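# Okay, structure incoming, though there's no sequence with it:
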């Protein structure tokens, strides 16, 4: 009983023997009273101790008390998803308090606040079943029949169908079902064939754009599962996940703030609030779809998918990449102009043919007049008029080059698909074509020109370099300081599930390199370092200050430590002392500062990124808490140099850009010496060229120029070091002011303004923040500069393919309009019927677009200067080519029209079939000519384009079927071998004509090239 604080048994004697010895009753009563009072006092004091002390229950000799706590893990099924959703959306603190705060809710959601959820397949499936997946249903995509309906709304198609239906009705009435349906029925079938192919193309492109849209919305994020940070798609995030958030990230789901520092969120996309919202324990609610503008932290996911406001909003938006690009707008104007010309020609043909018919100047197949006044039956008159109207309307159908917008859509869709395979995701269609006109590319260094695989290769203590084998000899205080400098001031993590496993380091490339060096070379245990200190304040990395810092207090002490890490020269400027290799603190005088600056410069000149570590220790005074990091009088702990090698093939890519008339400017946050070394390595700077002082400058210097000076000197600048996002924006504005078409790469949140200002914004897919990606036009998925050059090549091929198709289609238009107009005026009949013209329309619009719009880039494209902004779509070279072919085709067809019967000794129907067959075959042969606008060898690379060969083959086979087997449908006659040979021979002459015409020089070509090349 002594353990209970009671007196020993020898101090209080209460036994039967004492009672038996004394017969003095009063004495016995007194003793009994004293004993009762004493025991009562002891029991009262024991009771107070038990009530005051929040500890384990006391036990007596008679009983054993067991303290049983309810450790039952709550079931996820007991959680109401709607309650969680409403709590975050309404920022409801009352509901949160019922869950016992954020950590209480984490316990209910079976989430460890440090290690996250288990994350195995069964756990993830259970969470998705209960709370839903982080996806939202999209509005249904347009069906094929919808595209057919839209194609049928075309005015000319409707007029043709109306004429065909009337023709069908009169034909059946006059000749019966068996014979009367051919004329009208053939046109209806031909119209629906054209509509079906056009709708099929549109439907296919729509599906492609849907896939790209899904890909562009698939954002990557980081979560903690089973103690390990791992990248996942936002679609795979589940309720209970702990999400790691940093500057520029998009919040993937609704959730609650767990821990972090200086975390600010832009909620303008959800609430309309323009000012960033501070997120901390006092305001822990975080909404899906909003973006991190500052700081870093961890969030507990409470709602996903359709249980979030963002999910509800996105499910109602059907994002289609169908905006009209500048090139499409120009082509639509051109198509409208050509259509008006076709309308005039069609109207003239209609008037002339009606006059000739009603004046009796037209004859039927037997040589009789078709119109004999009142003697002619009404049905015959209506059939003849409908036939004339159909022919006139069909001329409009052929004249209107609706294939031009289709060709743009096809080539853009094809280019987008191929660019995706080449690691470039197009977010804005117009950027595909604009990239072909780019004259300047402003590129980042880290990760774009280099591999972004950092490794510490040099380590300096004071003025002395440390070799790997000397690390074990480091002074104890230095080793400890370095471990604290790295372990406390980092946004990276080290995962080590057990003592025998190899540590896994995650974070940005710079953080990973420094953490790996500290773990493997300095023997740092990051968990041990962190558990001894409490973080007071964090300064996240800032692109202006180029450093990050942390203010910490050691547990149970009043000592405050400031740790800074960042660009070596900037850290050095904050220091007034340094440690030598023996761990001795030394005051830094002017000479020693110069020596340390030289060390930094020498490391930079061999392409190393230099990072400095500084520290200051102060004692907190009572009543005056320190919350601000010291920025002066620090002590330099160490300097490290990290190597980030250039990407293979970058120098070749840079040289190919220069050969194509595109200048490369490197804009980096590194110091001048590192930037210059990398620029020489990548061939951005040429050691053989006489570079002035203005070729390599610092951002501050450029910023301080007057606007006039900036515009004057911007072309001479090749490298801008120590630049801020504002400097990048200023450079883009100056270059655009001078008439350049500017492409800019960027990865940071602060790069958003420059990416938006540029003609083409290129964000990085791996290192780029979501803010940067949303501000860009194209996402470079592998962060590689060679991919930027690939995008440039595809941009040029888009423009080039459109020009090829434009030349091909205008040749057909000119030939078809002229031959039908001349024939109508001279003979009163058109040699090409409505069905035949619709077939030609199908060849040149849909099949021609498919064949020519899907040509891949060639090396020739990168040997030409960029296409100027104001250069006309139809160049002099194109006019030369198309006019030569059009003149040849018109001449040939007119000869056949007027002399074909006598030359071949055939009747009118066979002559018209010869004209139709020759005309179609001329287009097939001319497709080859259109492959190369200014090269004589049109067959170069032909075997690589299987689609082109397939389309040519399909066209020839279908033409054979039209002429030989579908005589009634196509209004043709079968041709013999000699006639086929003549048609092929006449069409094949377009090849030598095309070769000869390209020998004629085009005046002004050199001047145009000189004008469009970058200054």
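Looks like it arrived, so ask away. Values in this document were obtained by computation on a predicted structure and should not be read as measured data.
# In contact with the residue lying closest to residue 796 once chain neighbours are set aside, which residues are there?
Of all residues not flanking residue 796 in the chain, residue 436 sits nearest, at 4.0 Å (Cβ to Cβ, 6 or more residues apart in numbering). Placement of C-beta: from N, CA and C, glycine included. Each residue near residue 436 by Cβ atoms under 8 Å, 6 or more residues apart in numbering is listed here: 792, 795-800, 866-867.
# redo that, cut-off 6 Å
By Cβ atoms under 6 Å, 6 or more residues apart in numbering, the residues touching residue 436 are 795-796, 798-799, 867.
# mind putting these in TSV, pLDDT and distance to residue 288 included?
As requested, these are arranged in TSV below (pLDDT from 0 to 100; distance: Cβ to Cβ, whole Å):
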residue	pLDDT	distance to residue 288
795	88	35
796	89	40
798	86	36
799	85	40
867	80	43
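# Same list (the residues you listed) but as a markdown table, adding secondary structure.
Shown next, in a markdown table, are the contacts of residue 436 (DSSP: H, G, I helix; E, B strand; the rest coil):
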| residue | secondary structure |
| --- | --- |
| 795 | helix |
| 796 | helix |
| 798 | helix |
| 799 | helix |
| 867 | coil |
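# right, and the pair among those residues with maximum separation?
798 and 867 (10.5 Å; Cβ to Cβ).
# the more surrounded of these two?
residue 798 (25 against 22; other Cβ atoms under 10 Å).
# Isn't that one up against residue 435?
No. Counting by Cβ atoms under 6 Å, residue 798 does not reach residue 435; the two are 8.1 Å apart.
# returning to that earlier point: how near is the residue nearest to residue 796 to residue 868?
Using Cβ to Cβ, to the nearest Å, one gets 11 Å for the distance from residue 436 to residue 868.
# count of neighbours near residue 473?
For residue 473, the neighbour count with other Cβ under 10 Å is 11.
# all helices in the stretch 301-450 of the chain, in order from the N-terminus.
309-315, 326-358, 378-399, 403-421, 430-434 (DSSP state H, counting those that start in this stretch).
# Which of the contacts of residue 436 sits closest to residue 637?
Closest approach between those and residue 637, by Cβ to Cβ: residue 795, at 48.7 Å.
# Need the nearest residue in space to the closest one, chain neighbours excluded.
Nearest residue to residue 795 in three dimensions, chain neighbours excluded: residue 435, at 2.8 Å (Cβ to Cβ, 6+ apart).
# Can you give me the neighbour number for that neighbour?
The burial count for residue 435: 30, using other Cβ under 10 Å.
# That one contacts residue 789, doesn't it?
No. Residue 435 is beyond contact range of residue 789, at 10.4 Å (criterion: Cβ under 6 Å).
# OK, contacts around the residue nearest to residue 795?
Contact analysis of residue 435 by Cβ under 6 Å, 6+ apart lists 760, 791-792, 795.
# mind checking pLDDT for residue 971?
Per-residue pLDDT puts residue 971 at 83.
# typo on my end, residue 482
For residue 482, the predicted pLDDT is 94.
# ok, so what distance separates it from residue 624?
Taking Cβ to Cβ, one finds residue 482 at 30 Å from residue 624.
# neighbour-wise, which of these two wins?
residue 482 (25 against 6).
# buried set for the helix or strand hosting that one?
Here residue 482 is covered by helix 476-488, with elements defined by DSSP states H and E. For helix 476-488, the neighbour count (16 or more other Cβ atoms under 10 Å) marks 478-479, 481-488 as buried.
# ok, then the element right after it?
That would be, after helix 476-488 and using DSSP H and E, strand 493-495.
# and the spatially most central residue of the chain, what element?
The centroid of the chain falls nearest to residue 779 when counting by Cα atoms, centre = their mean (3.4 Å). Using DSSP H and E, residue 779 maps to strand 778-780.
# partners of that strand, with directions?
Sheet pairing for strand 778-780, assigned by DSSP bridges, gives strand 424-426 (antiparallel), strand 760-764 (parallel).
# give the contact list for residue 299.
243, 245, 255, 286 are the contacts of residue 299 under Cβ under 6 Å, 6+ apart.
# give me the beta-bridge partners of the first one?
Going back to what we said before, that points to residue 243. residue 223, residue 299.
# could you give the mean pLDDT of the strand holding residue 779?
Mean predicted lDDT for strand 778-780 stands at 90.
# picking up where we left off before, could the strands paired with strand 778-780 go into CSV alongside mean neighbour count and distance to residue 295?
Listed next are the strands paired with strand 778-780 as CSV, based on neighbours: other Cβ atoms under 10 Å; distance: least, Cβ to Cβ, whole Å:
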stretch, mean neighbour count, distance to residue 295
strand 424-426, 23, 28
strand 760-764, 28, 21
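# about what we covered before: mutual contacts of residue 798 and residue 435, please.
Contacts common to residue 798 and residue 435, judged by Cβ under 6 Å, 6+ apart, are absent.
# So residue 530: helix, strand or coil?
helix.
# Residue 83 now?
Criterion first, three-state DSSP; result for residue 83: helix.
# residue contacts, it?
Residue 83 sits next to no residue when contact means Cβ under 6 Å, 6+ apart.
# same thing but 10 Å
92, 95, 98-99, 302-303 (Cβ atoms under 10 Å, 6 or more residues apart in numbering).
# Only whichever of these are buried, select them in ChimeraX.
To isolate the buried ones among these in ChimeraX, judged by 16+ other Cβ under 10 Å, type:
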select :99,302,303
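# In TSV: the contacts of residue 83, plus distance to residue 347.
Output for the contacts of residue 83, formatted as TSV (distance: Cβ to Cβ, whole Å):
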residue	distance to residue 347
92	71
95	73
98	79
99	77
302	68
303	64
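# Just the contacts of residue 83: which are in strands?
302-303 (DSSP state E).
# Closest to residue 492 out of the contacts of residue 83?
residue 302 (26.4 Å).
# Look up phi and psi at the nearest residue to residue 111 once chain neighbours are set aside.
Nearest residue to residue 111, sequence neighbours excluded (Cβ to Cβ, 6+ apart): residue 240, at 4.5 Å. For residue 240, the backbone dihedrals are phi 100, psi -20 (criterion: degrees, to the nearest 10).
# that older thread, between the contacts of residue 299, which sits nearest residue 194?
residue 243 (52.3 Å).
# who's in contact with that closest one?
116, 221-224, 232, 234, 237, 249, 251-253, 255, 258, 286, 297-301.
# now with 7 Å?
Going by Cβ atoms under 7 Å, 6 or more residues apart in numbering, residue 243 touches 221, 223, 237, 252, 255, 298-299, 301.
# how much space is there between it and residue 749?
17 Å.
# now swap in residue 249 and tell me
Counting by Cβ to Cβ, the gap from residue 249 to residue 749 is 9 Å.
# Quick one: residues contacting residue 404.
Applying Cβ under 7 Å, 6+ apart, we find residue 404 in contact with 331, 334-335, 806, 809.
# Would you mind putting those residues into JSON lines with distance to residue 993 and neighbour count alongside?
As requested, the contacts of residue 404 are exported to JSON lines (distance: Cβ to Cβ, whole Å; neighbours: other Cβ atoms under 10 Å):
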{"residue": "331", "distance to residue 993": "27", "neighbour count": "23"}
{"residue": "334", "distance to residue 993": "25", "neighbour count": "17"}
{"residue": "335", "distance to residue 993": "27", "neighbour count": "19"}
{"residue": "806", "distance to residue 993": "19", "neighbour count": "23"}
{"residue": "809", "distance to residue 993": "18", "neighbour count": "25"}
